[in-house]
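Peer 1: make a model of this:
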Amino acid sequence: MRKFRYTGAILALTSVLLAFLVTGTLLVTWQQRVMLSELQTAELSAEVDLMADAFYESLLKSDYVSIRTFIERWGSAHQEFLLIRATAPNGYAVGEFRGTPGRHARTIDLGKTITQNGKHLLSLSITVDLSRSDAVVNQLRNRLIAGSVLFTILLGVILWRSQRRMALTPLEHEIELRQRAEEALQHAHDGLESLVRERTAELVQREERIRLLLESTAEGIYGVDTSGKCTFCNPSSRRMLGYVKEEDFIGRNMHELIHHRKRDGSPYPEQDCRIYSAYRKNQGSHDDSEVFWRADGTGFPVEYWSYPIVSKGAIVGAVVTFIDITDRQKLEAQLIQSQKMEAIGTLAGGVAHDFNNILTAIIGYGSILQRKMSDADSLKANVVNILESAQRAARLTKNLLTFGRKQTLTPVPVDLNSVVRRVEKLLLPLIGEDIELASELSDADLIVQADAGQLEQVLMNLATNARDAMPQGGCFTIRTGQAVFDDEQARIHGVPTAGPFAFLSVSDTGSGMDEATRLKIFEPFFTTKEVGRGTGLGLAIAYGIIRQHSGTISVYSEIGKGTTFQIYLPLLHRAATEEQLPRSDASVARGTETILIAEDDLMVLALLRSVLEEYGYRVLEARDGEQAVRVFTENRDRIQLAIFDTIMPKMNGKQAFNAIKAIQPDVKALFMSGYTADIVNRQGLVDQGFELMQKPITPQELLARVRKAIDT
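Peer 2: As a prediction, the model looks like this:
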């Protein structure tokens, strides 16, 4: 009975409390409804004013499209608007938006008139659905009622279980401590995950940089494990070795794949490979004398570096970096050939002076002897052979100097047929008895502006090339002729201008060459001969000589059908050549003038004195520059011409001439030299317009130059 009363009291108390709370809730929600309606009406009025302000600018511009677009967008963006209408004074609907009303919609109508200076511009009509605010109020009411009920029930439960509540307090405290521990643990977990993500991103970036470096470098790089199998490779290594896919390398033994043979083709045992010493002996290696082998079986020289890969103190493999040194070896070979050329030029230049003085004496005395012998003398043929041999020696010296770039070219009108006939005698021992030499020369005079010695050099080079192409013998044919090219034909044959040309054709019946070889045949240092037999310069020199003569040289060849070189040189008129032809002995004029000769070589000095005195001249001698100045000073009124050797002891020829010119400004002079052109050019004689006679000089040339200098 006491329990029932206690329960009834609790129920009565909670009922009264519940009724009080529900009544208060209804009053509060009613007040909220009224306040929300007033607030929403005020906000809508403000929006209508903003809309009117926005329309005002458009109305001034008569931009009704913007008004219509604004109404449609504004209505679509605000679901509470059921109607937005803009009406012009004439009743025209400028823009209109209609929304969909709810089932129990409670609406409110608003209006706004836009004017300017009292003039009616536009009317706005807006209908707004307030059901959303009503729904909020209803929801608030229901929640308050529900809260009141729950509060009442909770209060009853609290009163009912107040004693039991005291027993649950320690448990709640423990739950709170556990929640805090879980939060701390979750915070630490999140921090650890963030750190892992950062470290992972850094690792990915580092790997990406390494990958880009490996893929971008021009050097080939690959790695092997301790069994010699490839673990990684970069694109450059695959490109140089002729592979496309990375799978062609990965997992394969690299020694067996690219390093299994030596340079000479003999097997290369893996245990001898220096690359694998990186992980077998823990030492790096470097080598530039071995070859790698491509996928197609061809080899190429490489320079490589091999170093061990160490992980946690243990060797796990090796990394190999290599480059293709084919081009570098070619450049080294070219450098060696260039040094050989320079050595030849230096050697030739070193002996040229003395050798030319000797040849001057041989040719001079031989010419005197030949002139004084009768045609019936049986020994005259020997003298002719001596003179021809001396001329050949002079041309040989000139060719050596030209080859070493120490000789200046002196093109003059020459007969191409005469050049061929003269060089034929030299070609027979050069090409050998098993090769037939045939010539088909034109009957016409083929006069070209050229250095005869250089044309002979071209023929010698072409003959040497033909000889090497016919190891079993064959036929070597030289043809000459003439052709006239118009502009189109000149373009086809590669000659600079149209007009008449002399051609020189050289053919052999040798092995021929393929198209790839033909395209490179004139490149310096290019040769198809084995090492030690060819320099790769012969045809390049021939090409350069012909181009210097404003000509062109081309080649036609097929495998097994021989080779033909075709040379075109500009043709001169016959009249121009006749003026340049050397005069015979009978046409050389005599003289009675006094000539001073300054020459340090006694043999040459004696020859010059003998020749000049034989033709009536009086000769005064000097063996150096200082003596020449003294002799001229003592005989200045008698001397009509001074001949100086360019290089002499005490005072050179140019210095002696300057000293004599200070004594007698109108003195006439000739210079002669057996030194190379680069040494003579340092004197500046040619640039200053002085006559220079290059040794060896013939008596006829000496007499002609002397007479011309005196008479000028």
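
Peer 1: contacting residues around Leu571?
Peer 2: Listed by C-beta atoms under 8 Å, 6 or more residues apart in numbering, the contact set of Leu571 reads Leu446, Ile447, Val448, Gln482, Gly499, Pro500, Phe501, Ala502. Bear in mind the C-beta positions are built from the backbone N, C-alpha and C, glycine included.

Peer 1: and Val555, that's in a helix?
Peer 2: No - Val555 is assigned strand when assessed by DSSP: H, G, I helix; E, B strand; the rest coil, not a helix.

Peer 1: quick check: it touching Ile546?
Peer 2: No - proximity of Val555 to Ile546 does not meet the contact threshold set by C-beta atoms under 8 Å, at 11.8 Å.

Peer 1: pick out whichever of these two has more residues nearby.
Peer 2: Legend: neighbour count by other C-beta atoms under 10 Å for Val555 and Ile546, higher for Ile546 (23 against 19).

Peer 1: show me where the stretch 601-712 of the chain has its helices.
Peer 2: In the stretch 601-712 of the chain, helices defined by DSSP state H, counting those that start in this stretch lie at 602-614, 625-634, 653-663, 677-683, 699-711, listed in chain order.

Peer 1: what segments of the stretch 451-600 of the chain are helices?
Peer 2: Under the criterion DSSP H, counting those that start in this stretch, the stretch 451-600 of the chain contains helices at 452-469, 487-493, 515-520, 538-548, 574-578.

Peer 1: scan the helices and strands of this structure for the one with the lowest mean pLDDT.
Peer 2: Least confident element among the helices and strands of the chain, by mean pLDDT, DSSP states H and E: helix 574-578 (a mean of 43).

Peer 1: would you put the C-alpha positions of stretch 558-571 in PDB?
Peer 2: Listed next in PDB are the C-alpha coordinates belonging to stretch 558-571 (Å, rounded to 0.1, in the frame of the first residue of the first chain):
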ATOM      1  CA  GLU A 558      79.300  -1.400-109.200                       C
ATOM      2  CA  ILE A 559      80.300  -4.500-107.300                       C
ATOM      3  CA  GLY A 560      82.300  -6.700-109.700                       C
ATOM      4  CA  LYS A 561      82.100  -4.200-112.600                       C
ATOM      5  CA  GLY A 562      85.000  -1.800-111.700                       C
ATOM      6  CA  THR A 563      85.100   1.900-111.000                       C
ATOM      7  CA  THR A 564      85.200   5.100-113.100                       C
ATOM      8  CA  PHE A 565      86.300   8.500-111.900                       C
ATOM      9  CA  GLN A 566      85.200  11.400-114.100                       C
ATOM     10  CA  ILE A 567      86.900  14.800-113.700                       C
ATOM     11  CA  TYR A 568      85.800  18.100-115.300                       C
ATOM     12  CA  LEU A 569      88.000  21.200-115.500                       C
ATOM     13  CA  PRO A 570      87.200  24.600-117.100                       C
ATOM     14  CA  LEU A 571      88.700  24.700-120.600                       C
END
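
Peer 1: going forward can the numbers begin at 777, since that is how I track them
Peer 2: In the new count, where the first residue is 777, that last one comes out as stretch 1334-1347.

Peer 1: show me which residues of that stretch are buried.
Peer 2: Of all the residues in stretch 1334-1347, those buried under the rule 16 or more other C-beta atoms under 10 Å are Gly1338, Thr1339, Thr1340, Phe1341, Gln1342, Ile1343, Tyr1344, Leu1345, Pro1346, Leu1347.

Peer 1: now go through the residues you listed and say which are in strands.
Peer 2: Thr1339, Thr1340, Phe1341, Gln1342, Ile1343, Tyr1344, Leu1345, Pro1346 (DSSP state E).

Peer 1: isn't the fourth one right up against Ile1329?
Peer 2: I take that to be Gln1342. Yes - using C-beta under 8 Å, Gln1342 makes contact with Ile1329 at a distance of 7.1 Å.

Peer 1: give me the domain ranges for this protein.
Peer 2: 778-930, 990-1100, 1185-1357, 1361-1487 (automatic domain parsing).

Peer 1: can you give the distance of the shortest one from its chain's centre?
Peer 2: Its chain's C-alpha centre lies 28 Å from the corresponding centre of domain 990-1100 when counted by C-alpha atoms, centre = their mean, to the nearest Å.

Peer 1: just the buried residues of stretch 807-816, please?
Peer 2: Here stretch 807-816 shows Gln808, Arg809, Leu812, Ser813, Gln816 as buried, counting by 16+ other C-beta under 10 Å.

Peer 1: could you double-check that the third one lies in contact with Val912?
Peer 2: Yes - look at Leu812 against Val912 with C-beta under 8 Å: they come within range, at 7.0 Å.

Peer 1: isn't Met805 right up against Arg919?
Peer 2: Residue 805: Thr, not Met. No - applying C-beta under 8 Å as the test, Thr805 and Arg919 come out as separate, 9.8 Å apart.

Peer 1: which other helices and strands does the host helix or strand of Val798 contact?
Peer 2: Assigned by DSSP states H and E, Val798 belongs to helix 778-836. The contact analysis (3 or more C-beta pairs under 8 Å, 6 or more residues apart in numbering; DSSP states H and E) places helix 778-836 against helix 840-853, strand 883-892, strand 895-905, helix 907-936.

Peer 1: what pairs with the shortest one, parallel or antiparallel?
Peer 2: Right, the one you point to is strand 883-892. strand 895-905 (antiparallel) (DSSP bridges).

Peer 1: the partner strand to helix 840-853, inter-axis angle?
Peer 2: Per axes from the mean of the first three to the mean of the last three C-alpha atoms, to 10 degrees, the angle that strand 895-905 makes with helix 840-853 is 20 degrees.

Peer 1: look up phi and psi at the closest residue in space to Pro1346 that isn't next to it in sequence.
Peer 2: Spatial nearest neighbour of Pro1346, chain neighbours left out: Ser1326 (5.6 Å); criterion: C-beta to C-beta, 6 or more residues apart in numbering. Dihedral angles of Ser1326 (phi, psi; degrees, to the nearest 10) stand at phi 60, psi 30.

Peer 1: same check, this time on Thr1368
Peer 2: According to degrees, to the nearest 10, the main-chain angles of Thr1368 amount to phi -130, psi 10.

Peer 1: neighbours around it, how many?
Peer 2: 9.

Peer 1: got a list of what it touches?
Peer 2: Thr1368 neighbours (C-beta under 8 Å, 6+ apart): Gly1392, Tyr1393, Arg1394.

Peer 1: and if you look at Val870?
Peer 2: Val870 neighbours (C-beta under 8 Å, 6+ apart): Tyr840, Ile843, Arg844, Ala862, Thr863, Ala864, Leu898.

Peer 1: Ala1094 and Ala1266, how far apart?
Peer 2: Going from Ala1094 to Ala1266 by C-beta to C-beta, to the nearest Å gives 63 Å.

Peer 1: same question for Glu833.
Peer 2: 80 Å.

Peer 1: do Gln855 as well
Peer 2: Counting by C-beta to C-beta - Gln855 and Ala1266 are separated by 89 Å.

Peer 1: have a look at these two and say which one is more surrounded.
Peer 2: Ala1266 (18 against 12).

Peer 1: which residue is the nearest non-sequential neighbour of the more buried one?
Peer 2: Ala1266 sits nearest to Ala1274 (C-beta to C-beta, 6+ apart), 4.4 Å away.

Peer 1: would you agree the one you found is in contact with Tyr1344?
Peer 2: No - assessed by C-beta under 8 Å, Ala1274 is found out of contact with Tyr1344, at 11.7 Å.

Peer 1: for the stretch 1327-1476 of the chain, which spans come out with low pLDDT?
Peer 2: Scanning the stretch 1327-1476 of the chain for pLDDT under 70 picks out 1350-1364, 1451-1467.

Peer 1: pull out the buried residues from stretch 983-998.
Peer 2: Neighbour count says stretch 983-998 has Leu990, Glu995, Gly996, Ile997, Tyr998 buried, by 16+ other C-beta under 10 Å.
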